[in-house]
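> What would the 3D arrangement of this be:
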Amino acid sequence: MRRFGNVIGWGLVIVFALMVTVLRAEDCDSLSVRKWPDYVCVDSNRITGNIAALDEVFRKWSAVGSDTSVVVSILHLGDSHIQAGFFSGAVRDSLQAVFGDAGRGLIAPLKLLGTNEPSDYTITSPNSWYGAKCVDLRPQEVVGVSGMVLATSDREIEFRIEDKTPFDRVLAFHHARAPLLEVSDSLDAGIWCPEPSDELTSIQLDSAVCRVVLKARVTDTAYAHPCFYGFSLDRTQNGVRYHSVGINGNTFSAFVRNPQIFEQAAWLDPDLVIVSLGTNDCSGSRFDREYVERQVANLLDQIARSMPTAAVLMTTPMQCCRAVRSRGRIYRRENPHVASMREVILDEAAMRGIPVWDFYEVAGGKGAVTSWCGSGMMNRDRIHLTREGYQMQGELLAEALLSAYSDYAQRSSEIPSEKEDLSTMKRTDKE
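Numbers count the residues shown, from 1 in each chain. The predicted structure follows:
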């Protein structure tokens, strides 16, 4: 079931959310349910802290079933754990299976930059490209919303975009002086640039497709290197639209150095920003806690300035290893700084009233590397998970979010309406 029909009431939305939340086997023997591995700390798989900060997101989720105009936009920021797309993709699939599919969301032409990209979409081009990423200290060009930038000296531009699920609108992010990307006349249902942005073009298609070719011709001779940042593949219907920005080696400080990422991301109108960083911030031989604290705080300030209405959810990195050289050999040792990084995230979130999903604890805390590697859920580098590992991580986060939503729905159903309050007051007055 991909979508709720308009005939399904708000109460059934609550029931369905409760049903799709992954139940533990011991909670209901009569149902066939998923049982997490023993090394996963199931009791810790919940959203903690100021969960009320997510109430507006949950309110919109509850309205999806009855309001065809409701789109809940989620932006997931991260590093290589996000760039591969398995972790964020599992969260996307789980939430869209419940609340409906409003589009794949933000995609980046990562392969054109010579790095890996998620397998569920492709962006190809006959042009010769160069570019930069937000982790570069001296980038050739300023990066954009996707954490990267592509530039070319070619005069004829072409992008071929394919996705596994249909879309009927493309948002193209580009430099203000880049040429206007267009589709063939048979698909063109209108192109416009939202005011006051000159770095975003909305391309409406006259039907839903899984493949589109965008073309442009450079006519501005004074601007010889047009830059493009990424695309959002949207479905103009209600549901969840799940954007992700992941760059290998990314850190809090790399995002902070590039505030334009958040300025452009504001056009995605996110209701929720999920921040999954920290692994690379603590990968060195020493951990400068004060510096990292400043970077975490600066990133959260950037989000608050650019997207003031968005709720924020922070996640912690699981225990991992780092390379240690000894007597000419390289060894993998558990990174003692990950626990410190976790403390920084938890402390900053608590101080700002931001909810947290503590994956460090959910994964098993200290020593989790051994269990995850032994079960084939973590790669040999003992930093990255396998595809199956990321799939499980995403499903765990989705379960935690749906569980928090179910709690919200239960609380909301118990809150008397304004009409009921007035009725009670009148009865009391008569008594």
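> going forward, measure contacts between C-alpha atoms and count neighbours the same way
Will do.
> Could I get the full set of helices for this protein?
10-20, 55-64, 80-83, 86-99, 252-256, 260-265, 289-306, 337-352, 359-362, 368-374, 387-414, 418-430 (DSSP state H).
> what helices or strands is the fourth one leaning on?
To tie it back to what came earlier, the one meant is helix 86-99. Counting contacts by 3 or more C-alpha pairs under 8 Å, 6 or more residues apart in numbering; DSSP states H and E, helix 86-99 packs against helix 10-20, strand 239-246, helix 387-414.
> that older thread, pipe the helices of the chain into a markdown table and attach distance to residue 70, mean pLDDT and mean neighbour count per row.
What follows is the helices of the chain, written out as a markdown table (distance: least, C-alpha to C-alpha, whole Å; pLDDT from 0 to 100; neighbours: other C-alpha atoms under 10 Å):
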| stretch | distance to residue 70 | mean pLDDT | mean neighbour count |
| --- | --- | --- | --- |
| helix 10-20 | 14 | 43 | 16 |
| helix 55-64 | 6 | 95 | 20 |
| helix 80-83 | 26 | 97 | 22 |
| helix 86-99 | 10 | 97 | 23 |
| helix 252-256 | 30 | 98 | 22 |
| helix 260-265 | 19 | 96 | 21 |
| helix 289-306 | 22 | 98 | 17 |
| helix 337-352 | 28 | 98 | 19 |
| helix 359-362 | 30 | 98 | 22 |
| helix 368-374 | 39 | 95 | 18 |
| helix 387-414 | 17 | 94 | 20 |
| helix 418-430 | 24 | 40 | 10 |
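> Stretch 297-307: how far from the chain's middle?
Relative to its chain's centre, stretch 297-307 lies at 16 Å (C-alpha atoms, centre = their mean, to the nearest Å).
> again with stretch 86-104
The chain centre lies 10 Å from the centre of stretch 86-104; the measure is C-alpha atoms, centre = their mean.
> Also stretch 231-248?
8 Å.
> Residue 76: which of the helices and strands packed on helix 86-99 is closest?
The minimum distance between residue 76 and the helices and strands packed on helix 86-99 falls on strand 239-246, with 4.5 Å, by C-alpha to C-alpha.
> mind listing what's buried in the closest one?
Residues of strand 239-246 classed as buried: 239-246 (neighbour count, 16 or more other C-alpha atoms under 10 Å).
> outside of it, which residues touch it?
3, 64, 70-84, 88, 92, 95-96, 99-107, 145-147, 232, 234 (C-alpha atoms under 8 Å, 6 or more residues apart in numbering).
> Put the buried members of those into a PyMOL selection.
To isolate the buried members of the contacts of strand 239-246 in PyMOL, using 16+ other C-alpha under 10 Å:
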select buried, resi 64+70+71+72+73+74+75+76+77+78+79+80+81+82+83+84+88+92+95+96+99+100+101+102+103+104+105+106+107+145+146+147+232+234
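> hang on, the earlier thing: residue 56: which of the helices and strands packed on helix 86-99 is closest?
Of all these, helix 387-414 comes closest under C-alpha to C-alpha, at 10.2 Å.
> most centrally placed residue in the chain?
residue 76 (1.9 Å; C-alpha atoms, centre = their mean).
> what is it paired to in the beta sheet?
With DSSP bridges as the criterion, residue 76 is bridged to residue 244, residue 274.
> Can you give me the distance of the nearest residue to residue 211 once chain neighbours are set aside to residue 120?
Nearest residue to residue 211 in three dimensions, chain neighbours excluded: residue 162, at 4.4 Å (C-alpha to C-alpha, 6 or more residues apart in numbering). Remark: distance between residue 162 and residue 120 (C-alpha to C-alpha, to the nearest Å) = 9 Å.
> low-confidence ranges in the stretch 201-350 of the chain?
Along the stretch 201-350 of the chain, segments meeting pLDDT under 70 span 326-328.
> if we go to 80?
Within the stretch 201-350 of the chain, the ranges that satisfy pLDDT under 80 run 323-331.
> All the strands of the stretch 51-200 of the chain, in order from the start?
71-78, 105-107, 121-124, 130-133, 148-151, 156-174, 188-192, 200-217 (DSSP state E, counting those that start in this stretch).
> Go through those and name the closest to residue 403.
strand 71-78 (17.4 Å).
> and the helices and strands packed on helix 86-99 as JSON lines, adding distance to residue 296?
JSON lines is the format used below for the helices and strands packed on helix 86-99 (distance: least, C-alpha to C-alpha, whole Å):
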{"stretch": "helix 10-20", "distance to residue 296": "33"}
{"stretch": "strand 239-246", "distance to residue 296": "17"}
{"stretch": "helix 387-414", "distance to residue 296": "21"}
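> nearest to residue 212, of those?
strand 239-246 (19.2 Å).
> buried stuff in stretch 174-183?
174-175, 177-183.
> quick revisit: quick one: neighbours of the residue nearest to residue 211, just the number.
Per other C-alpha atoms under 10 Å, the neighbour tally for residue 162 reads 19.
> So what pairs up with it in the strands?
Counting by DSSP bridges, residue 162 is bridged to residue 122, residue 211.
> contacting residues around it?
Counting by C-alpha under 8 Å, 6+ apart, the residues that residue 162 touches are 121-123, 210-212.
> if you set the cut-off to 6 Å instead, what comes out?
Taking C-alpha atoms under 6 Å, 6 or more residues apart in numbering, we find residue 162 in contact with 121-122, 210-211.
> Outline the domain layout of this protein.
Recorded structural domains for the chain (assignment: automatic domain parsing) are 1-102+240-417, 103-236.
> out of the helices and strands packed on helix 86-99, nearest to residue 59?
helix 387-414 (8.4 Å).
> which other helices and strands contact the closest one?
helix 86-99 (3 or more C-alpha pairs under 6 Å, 6 or more residues apart in numbering; DSSP states H and E).
> Name the residues that touch the helix it packs on?
2, 239-240, 242, 390-391, 394-395, 398.
> my read: residue 183 touches residue 216, true?
No: using C-alpha atoms under 6 Å, residue 183 is not in contact with residue 216, being 9.1 Å away.
> Same list (the buried residues of stretch 174-183) but as TSV, adding distance to residue 258 and pLDDT.
Below are these laid out as TSV (distance: C-alpha to C-alpha, whole Å; pLDDT from 0 to 100):
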residue	distance to residue 258	pLDDT
174	15	95
175	15	94
177	20	91
178	20	92
179	23	90
180	24	88
181	25	91
182	28	88
183	31	87
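> Pick the one among these closest to residue 264.
residue 174 (9.8 Å).
> That closest one pairs with what?
Where residue 174 sits in a bridge, its partners, by DSSP bridges, are residue 228.
> Surely it touches residue 225?
No: using C-alpha under 6 Å, residue 174 is not in contact with residue 225, being 11.5 Å away.
> can you list residues touching both of the two?
Counting by C-alpha under 6 Å, 6+ apart, nothing touches both residue 174 and residue 225.
> Verify the contact between the residue nearest to the centre of the chain and residue 277 for me.
No: proximity of residue 76 to residue 277 does not meet the contact threshold set by C-alpha under 6 Å, at 10.2 Å.
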